[in-house]
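J.: sequence-free structure coming up:
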């Protein structure tokens, strides 16, 4: 029987300060706001991307709650 399944596949994304990203919920195609990447920092808990409004998101949530335009 042939069935469809969802797979998580790693991919390379070039993120740099100045890139424009959408913040929202990608599976529903809901865009809450558009922000700019200010800096990318790495600490013991992982990699975080800091946006121009002072908020941040972990890199583990990329393509789910935020994604590059």
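T.: Received the coordinates, thanks. Source: prediction; values computed, not measured.
J.: closest to the centroid, which residue in this structure?
T.: residue 62 (2.7 Å; C-alpha atoms, centre = their mean).
J.: wait, that residue touches residue 11, no?
T.: No. At 9.6 Å, residue 62 does not count as touching residue 11 under the criterion of C-beta atoms under 8 Å. Heads up, the C-betas are built off the backbone N, CA and C, glycines and all.
J.: neighbouring contacts of the strand ranked longest in the chain?
T.: Determined from DSSP state E, the single longest strand within the chain is strand 30-43. The contact list for strand 30-43 (C-beta atoms under 8 Å, 6 or more residues apart in numbering) reads 15-25, 47-53, 55, 69.
J.: tell me, how many residues neighbour residue 65?
T.: When neighbours are defined as other C-beta atoms under 10 Å, residue 65 has 16 of them.
J.: now the terminal residues of stretch 33-52, how far apart.
T.: Distance between the boundary residues of stretch 33-52 (C-alpha to C-alpha, to the nearest Å) amounts to 12 Å.
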